[in-house]
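Engineer: When you get a sec, could you give me coordinates for this:
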Amino acid sequence: MSPVLLHIGPQKTGSTAIQRSMDASREALAEHGVYYPGPWYRMRTQASWAVMGTGSAVGRPAPDIAAWHELLDDIGSHTLRLTCLSSEALAMSDEAAVERIVAGLGGGENVRLVYVARRLDRLLPSHWQERVKSRLLWSYPQFLDLMLGEPDRADFEWRMMWRPQLVGEVVERWSAQIPVEQITVVVADEDDPGLLPRSFEELLGVPAGVLAAPTSGQNRSLTYAEAEAIRRVNHVFAEQGWSPEQYWRLVQAGVAESLKNAPLPPDAARMVGYTADQAARVDALADEQVAALTGSGAHLVGDPERLRTRGLLEPVSSQPPIAEVSLELLGSVVEGLVVGGQGLTKRKIRERRRAARAADPLATASAGSLARELARRARRRLPL
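Structural biologist: Okay, the predicted model is just below:
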């Protein structure tokens, strides 16, 4: 197996943008000796979930470890000098999962790891949005109370936020299997969006400009009102007891996609307000991140001081509530529900047809196949 550059995100650190760039530049990367597996823009999610030993996302089928082995067979069959895999889900890996992943990729000496660190005050509202799109019922103030209160490592939502974002702990888990000098941490710079693609071009050993800017599929953040609209929909789903698959199709593939594809309102309310106590906690956590990063032994790209927040956060008394939404937002929500409902209906029709074919090949047969099946059954009944 060729050496592997493994990008583990984490979520909301520019992962989608760099994945879309590598996807759009797959042929150019191959010309420079880099294999970026398809067919999707990121590492196959079934493979990620399976090797991590976690459940799948809302409404998806349970992951099958065969997907991981198929991916390993794929990347083991090419002759290019380097493989690049990218999955922000892998930042959630525990120690046992890290060991499985690195062993499958040829061992620690064969893997170089890249992780992206982002300022915590920017991460918290982005992460709340992502969790709202996964059925979270908490308001933004409720979310901040838990995330910035006393650490509760037994809480699922606390782990979802902090396990992949505490950079010192992430580096420690992965350096148990990969030499720490082969781990690169890129410090995101909000004022330099070109830092990430430049860093990846260097890590991949390709000329500047090879990674094309993606022309579609950008993962824009939701506005506060948009996220609140989805959260209210979440309450309806919880009250009605609707299924995870219905949620996936109607809300994630329907409403959330409709909102993301809509133009960003120019007067959109932002979600970066912190009370004085919360701001002090963010400052302390950011200082801990910088200390952990500079003492980790990992290779650093960018300035760790960019992660500090002291003097940058202006405390607010409270997060202003969303009392009303625009007609445009309401229209996008309804449009998303309609589109999602159509997708759900089509899926159910396909499932019924598969079930009918399994029960009786004649149920959904074409004219030609129907004639062949009838002839086969007639022959079966004729005496020899």
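Engineer: Would you double-check that Leu300 falls in a strand?
Structural biologist: Yes - per DSSP: H, G, I helix; E, B strand; the rest coil, Leu300 lies within a strand segment.
Engineer: If we ignore the residues flanking it in sequence, what's nearest Val233?
Structural biologist: Val251 (5.9 Å; C-beta to C-beta, 6 or more residues apart in numbering). Where C-beta positions appear, they are placed from N, C-alpha and C, glycine not excepted.
Engineer: give the contact list for that neighbour.
Structural biologist: Applying C-beta atoms under 8 Å, 6 or more residues apart in numbering to Val251 gives the contacts 133, 135, 230, 233-234, 237, 336, 340.
Engineer: Three-state assignment for it, please.
Structural biologist: Assigned by three-state DSSP, the conformation of Val251 is helix.
Engineer: which element follows the helix or strand hosting Asp121 toward the C-terminus?
Structural biologist: If you go by DSSP states H and E, Asp121 is part of helix 120-132. Counting by DSSP H and E, the next helix or strand C-terminal to helix 120-132 is helix 140-147.
Engineer: Within its sheet, name the partner strands of the lengthiest strand in the chain and how each one runs.
Structural biologist: Longest strand in the chain by number of residues (criterion: DSSP state E): strand 111-117. Partner strands for strand 111-117, per DSSP bridges, with pairing direction: strand 4-7 (parallel), strand 183-187 (parallel).
Engineer: As CSV, these with mean pLDDT would be great.
Structural biologist: What follows is the strands paired with strand 111-117, written out as CSV (pLDDT from 0 to 100):
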stretch, mean pLDDT
strand 4-7, 98
strand 183-187, 98
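Engineer: quick one on the thing from earlier: in the helix holding Asp121, what counts as buried?
Structural biologist: 120-132 (16 or more other C-beta atoms under 10 Å).
Engineer: could I get the strands paired with strand 111-117 as TSV with distance to Asp73 and mean neighbour count?
Structural biologist: Shown next, in TSV, are the strands paired with strand 111-117 (distance: least, C-beta to C-beta, whole Å; neighbours: other C-beta atoms under 10 Å):
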stretch	distance to Asp73	mean neighbour count
strand 4-7	14	22
strand 183-187	26	22
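Engineer: okay, these in JSON lines with distance to Gln177 next?
Structural biologist: Below are those laid out as JSON lines (distance: least, C-beta to C-beta, whole Å):
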{"stretch": "strand 4-7", "distance to Gln177": "11"}
{"stretch": "strand 183-187", "distance to Gln177": "10"}
